[in-house]
Structures are given as structure tokens and as C-alpha cells.
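Visitor: Here's my sequence, what's the structure:
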Amino acid sequence: MPNGVILASQVRYAETFAARLLGMMLKKRFPPEYDALLLTPCNSIHTFFMLCPLDVFFLDNEIKVLRICENLAPGKGWVMVSGAKHVLELAAGCAAKSGVKVGDKLIFTERERRG
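Guide: Numbering: from 1, shown residues only. The predicted structure follows:
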């Protein structure tokens, strides 16, 4: 990002149907081995069976932020964003602390695939 804010130091990529479907279900917090989850390809999420609130960034193909949903509560339903190609899930509170806003472009510097 142009402002140099680091949203996450370790991002897990969920690139299979099963990995995207399970996402953060039944987890009380992000596991210690990563602090963000990138669902790709993806344009929608649900919070059913979640145990913790999330901040969610919906991204287009250029990794530009289309929509930010802060503090999504567990069990509150489905969010879909037209044009989104990826969804980045982080712990609640990360969006506000980061200052990231709609239209900002995110940068991923390394890629570790674990789905």
C-alpha cells in the first residue's frame, strides 16, 4: 500500500472450494501461523458458524479495495460484492487501525500457498 501500513505479516490463501467454504468457521481467533485469510477467487462470505468477529476487505482483480465490512459479527448472514474477485479476512479492528479505505490498492509481497 502507498502508505506503508502492513495489514498482515502472514496470509493464508484459501484457493479450493473446501478451504473457502471453511474459512474461519469454528475458530475463536486467527491461528498463530497466520493473521489474515485470502479467499480467492471469491466475491461473497458468510459468518455462519463463526466464533469471532471479522474485518473483511472485498478486492477486485487489481487488488483494489471495493468494500470494507468492519466487525462482522458471527452468525449474521451473507455479504456479496459485485465485481469482487478476492476477499481478505482479518481480525476485527484491523480495518480501523490501518486507515485503508475503498479505492486503496493492497500489495502482497510474498505468497505462501496453504489451502
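
Visitor: list the contacts for the nearest residue to residue 92 once chain neighbours are set aside?
Guide: Among residues not flanking residue 92 along the chain, residue 53 sits closest, at 3.9 Å (C-beta to C-beta, 6 or more residues apart in numbering). Every residue, glycine included, has its C-beta placed from N, CA and C. Taking C-beta atoms under 8 Å, 6 or more residues apart in numbering, we find residue 53 in contact with 71, 72, 73, 74, 92.

Visitor: Name the nearest of these relative to residue 39.
Guide: residue 72 (13.5 Å; C-beta to C-beta).

Visitor: next one: phi and psi at the closest residue to that closest one other than its chain neighbours?
Guide: Spatially, and ignoring its direct neighbours in sequence, residue 72 is nearest to residue 54 (4.9 Å; C-beta to C-beta, 6+ apart). Phi and psi for residue 54, reported as degrees, to the nearest 10, are phi -130, psi 150.

Visitor: Dig out what residue 54 forms beta bridges with.
Guide: residue 72, residue 91 (DSSP bridges).

Visitor: now the lowest-mean-pLDDT helix or strand in the chain, how far from the centre of its chain.
Guide: In the chain, no helix or strand scores lower on mean pLDDT, DSSP states H and E than helix 17-22, which sits at a mean of 85. Offset of helix 17-22 from its chain centre (C-alpha atoms, centre = their mean, to the nearest Å): 13 Å.

Visitor: now stretch 54-73
Guide: Taking mean C-alpha positions (C-alpha atoms, centre = their mean), stretch 54-73 and its chain are 6 Å apart.

Visitor: I appreciate the help and will end here.
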